[in-house]
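Asks: How does the following fold in three dimensions:
(chains A and B)
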Amino acid sequence: MTLTGSTIPRVRFAPSPTGYLHVGGARTALFNWLFARRMGGVFVLRIEDTDVERSSTDMVTGILDGLSWLGLDWDEGPGVGGPHAPYFQSERLELYRAAAAELVAAGRAYYDFGGPSKRGDAAADDDGTYERRYDRDACLAVSADEVARRLAAGEPYAIRFLVPPGETVFADLVHGDVRFDNAHIEDFVVLRSDGYPTYHLSVVVDDIAMAMTHVVRGDDHISNTPKQVLLYQAFGKPVPHFAHVPLIMGADKKRLSKRHGATSVMEYERQGYVPEAMVNFLALLGWSPGQDLELLTKDELVAHFTLEGISTGNAVFNTEKLDWFNHQHLLKRSDDDLVTLLTPWFERAGLWQADLAGARRGWFVEVLTLLRPRARRLGEFVDGARPFLVAPDSYDADGVAKHLSAPGIGAHLTALREAFAGLEAFTEGPLEQTLRAVAEQRGLKAGVLIHATRLAMTGRTVSPGLFELLRLLGRDEVVARLARVIQTR
RNA sequence: GUCCCCGUCGUCCAGAGGCCUAGGACGUGGCCCUUUCAAGGCUAAAACACGGGUUCGAAUCCCGUCGGGGACGCCA
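Replies: As a prediction, this is how the structure comes out:
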């Protein structure tokens, strides 16, 4: 017995290309993807570009790039095609027009010649009465002949769905039963006067045509859902399962927006986050594997994912935690991966040298290894590696005051320089023994020389362990940097 | 304003009537390690919004209040 088409879960991510892929959309896409992968289902990507005014192909590209960066591959959709192509709604307009006509023919929708009214034309009154922007009675009073005449005359019209009386209920996989009194639902437009469908119509027509079994989307769509359920019923089609996931909020619990910092996922790439960290973090924002599991690979997320594990309340985006995830996942990257990942970062900083991937590769990897426990984002590797690649061009003022200003420090460092110059094995052990011996001979605490030397080597007061640093710098460079500081004392 | 959703540590989650003196993670404080900064180890503070029920027993069920969010477009 093999699975038939109808038993294979089919889900979709259906972004509108009116902006870049933001973290909220990315998480919705992720949940859909995880569900499809977990269930052996199909993940469809569909572009909802029926708002010609605001949609752009650049945005489509941006969204595709974002998904690709996160590693969320789609089984059907732009670039890969599929049995239900095309996957751009702007190329499926005839379908929606036919569907709208079907509704009218069935008496489930009617023509509205009233002309467009935009949001705000008629807001709700303070006393709670809601003034409709359209006149259902007037529209319905127009006779069939009259409608035909006006259509023939080329009068612009919109088509509105005739909301029946009663109650609309749907079982949400994360919220349970959600019910709406149809009296609170107005006769929404399904086909605009420009011939384009509205969201409600196109989404339902396509979800039916593309055989979606589950609709996983943001909470903000809950109040849209009864309208769509009504449409499924009017078309005589089965209603898919819905799962409305809570929204992601900023630190002030307000909806995430520009003023909370980065909202585009690609912006996180620019800030030095790796995709697997972003995926791990996003997955745990509003979902739980049901155990105290935190650090998960994409495969592990797939293995644990269930729609039932999605939480009901909104979640606040916490950058500190994202940083921690990034640090953890950076630790898990192989040396090869890390070098590949970092190469463009060093290039941009003007610090890249070809032999870092060749003759000095082993050395470079050692530098990166010292930096790993200290780096949360990729850029920190560049900053941390700088002193290993170029001599300091300035010295931290506070550090100089603290570690290079004591009388006699020049002589102390000269003694150290000479000892280092004569060292046979320029490795951690001998390096440390030598420094401590010099300190003792001169009646100094080792820390005095250590701090002064760190400053001489890096220009900074913080760095990885001094002796590893010295070893990797090499005798010539160490002696030269020491000499340069001594000159100024 | 109307409708809908939600309400456990600062934040993200666990908890599906007794296992809870409420657990984990991030963050924060302290201690240890230590040449600085990290990392690591140990440790501490930190929450069931409030009020009524139901029940032998409620963080878990019901109602209300308050609070937060979302939707009310010829946007998606």
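Asks: And the next helix or strand past the longest helix along chain A?
Replies: Taking residue count as the measure and DSSP state H as the definition, the longest helix of chain A comes out as helix A:23-39. Scanning the chain past helix A:23-39 towards its C-terminal end, the next helix or strand to appear is strand A:42-45 (assignment: DSSP states H and E).
Asks: So which elements touch that following strand?
Replies: Counting by 3 or more CB pairs under 8 Å, 6 or more residues apart in numbering; DSSP states H and E, the packing neighbours recorded for strand A:42-45 are strand A:10-13, helix A:23-39. No exception for glycine: its C-beta is placed from N, CA and C like everyone else's.
Asks: Just checking the distance from the longest one to the centre of its chain.
Replies: Taking the mean of its C-alpha atoms, helix A:23-39 sits 11 Å from the chain's own mean (CA atoms, centre = their mean, to the nearest Å).
Asks: likewise the shortest one?
Replies: Here strand A:10-13 shows a centroid-to-chain-centroid distance of 18 Å under the convention CA atoms, centre = their mean.
Asks: That strand pairs with which strands, and in what direction?
Replies: In its sheet, strand A:10-13 lies beside strand A:42-45 (parallel), with partners assigned from DSSP bridges.
Asks: ok, and what's touching the very next helix or strand once past the partner strand?
Replies: Proceeding C-terminally, strand A:42-45 gives way to helix A:57-70 as the next helix or strand, assigned by DSSP H and E. Contacts of helix A:57-70 from elsewhere in the structure, counted by CB atoms under 8 Å, 6 or more residues apart in numbering, are A:13, A:15, A:17-21, A:25-26, A:29-30, A:45, A:47, A:49, A:73-74, A:78-79, A:264-266, A:269, A:275, A:278-279.
Asks: Weed out the non-buried ones from these.
Replies: Among the contacts of helix A:57-70, those classed as buried by neighbour count (16 or more other CB atoms under 10 Å) are A:13, A:15, A:17, A:19-21, A:25-26, A:29-30, A:45, A:47, A:49, A:74, A:78, A:264-266, A:269, A:275, A:278-279.
Asks: Can you narrow those down to the ones near RNA strand B?
Replies: Filtering those for proximity to RNA strand B by CB under 7 Å from any atom of the strand leaves A:Pro15.
Asks: and A:His175, how many neighbours does it have?
Replies: Neighbours of A:His175 under the rule other CB atoms under 10 Å: 17.
Asks: contacting residues for A:Arg217?
Replies: Contact partners of A:Arg217, counting by CB under 8 Å, 6+ apart, are A:14, A:28, A:242-245.
Asks: rerun that using 10 Å as the cut-off
Replies: If a contact means CB atoms under 10 Å, 6 or more residues apart in numbering, then A:Arg217 has A:11-14, A:25, A:28, A:31-32, A:203, A:224-225, A:242-245 as its contacts.
Asks: Alpha carbons of the one helix or strand in chain A whose mean pLDDT sits lowest, in CSV - could you do that?
Replies: Of all helical and strand segments in chain A, the minimum by mean pLDDT, DSSP states H and E falls on helix A:136-141, at a mean of 85. Taking C-alpha atoms only, helix A:136-141 is exported to CSV below (Å, rounded to 0.1, in the frame of the first residue of the first chain):
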residue,chain,number,x,y,z
ARG,A,136,-25.1,45.4,0.3
ASP,A,137,-28.8,46.1,-0.1
ALA,A,138,-28.3,48.5,-2.9
CYS,A,139,-26.0,46.1,-4.7
LEU,A,140,-28.3,43.2,-4.3
ALA,A,141,-31.2,45.3,-5.4
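Asks: That one near RNA strand B anywhere?
Replies: No: contact between helix A:136-141 and RNA strand B, assessed by CB under 7 Å from any atom of the strand, is absent, since the two come no nearer than 10.1 Å.
Asks: wait, which of the contacts of A:Arg217 is closest to RNA strand B?
Replies: RNA strand B lies nearest to A:Asn224 out of those, by CB to the nearest atom of the strand, at 4.8 Å.
Asks: so the closest one makes contact with A:Leu201?
Replies: No: using CB atoms under 10 Å as the test, A:Asn224 is too far from A:Leu201 to be in contact (11.8 Å).
Asks: so what sits against both of the two?
Replies: Taking CB under 10 Å, 6+ apart as the criterion, A:Asn224 and A:Leu201 both touch A:Phe188.
Asks: neighbour-wise, which of those two wins?
Replies: Neighbours were tallied for A:Asn224 and for A:Leu201 using other CB under 10 Å; the higher tally belongs to A:Leu201 (28 against 16).
Asks: Go ahead and report the secondary structure state at the more buried one.
Replies: helix (DSSP: H, G, I helix; E, B strand; the rest coil).
Asks: Tally up the residues packed near the spatially closest residue to it that is not a sequence neighbour, please.
Replies: Once flanking residues are discounted, A:Leu201 sits nearest to A:Val190: 4.0 Å by CB to CB, 6 or more residues apart in numbering. The tally of other residues near A:Val190 (other CB under 10 Å) stands at 27.
Asks: Spell out which residues of the stretch 251-400 of chain A are next to RNA strand B.
Replies: For the stretch 251-400 of chain A, the residues found near RNA strand B under the criterion CB under 7 Å from any atom of the strand are A:253-255, A:284-288, A:290-292, A:294, A:309, A:311-316, A:318, A:320-321, A:323-324, A:327, A:373-374.
Asks: so what's A:Gly81 bridging to?
Replies: Under DSSP bridges, the beta-bridge partners of A:Gly81 are A:Gly77.
Asks: which residues in the stretch 101-250 of chain A form helices?
Replies: Counting by DSSP state H, counting those that start in this stretch, residue ranges of the helices within the stretch 101-250 of chain A are A:136-141, A:144-152, A:199-209, A:225-235.
Asks: A:Ala158: which of the ones you listed is closest?
Replies: Set against A:Ala158 and scored by CB to CB, these come closest in helix A:136-141, at 9.8 Å.
Asks: what's the closest one in contact with?
Replies: A:110-114, A:135, A:147, A:157-158, A:160, A:162-163, A:186-187.
Asks: ok now it, how far from the chain's centre?
Replies: On CA atoms, centre = their mean, the centre of helix A:136-141 falls 47 Å from that of its chain.
Asks: sorry, back to before: need the helices and strands packed on strand A:42-45 in a markdown table (columns: distance to A:Pro86 and mean pLDDT).
Replies: Formatted as a markdown table, the helices and strands packed on strand A:42-45 follow (distance: least, CB to CB, whole Å; pLDDT from 0 to 100):
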| stretch | distance to A:Pro86 | mean pLDDT |
| --- | --- | --- |
| strand A:10-13 | 14 | 98 |
| helix A:23-39 | 20 | 97 |
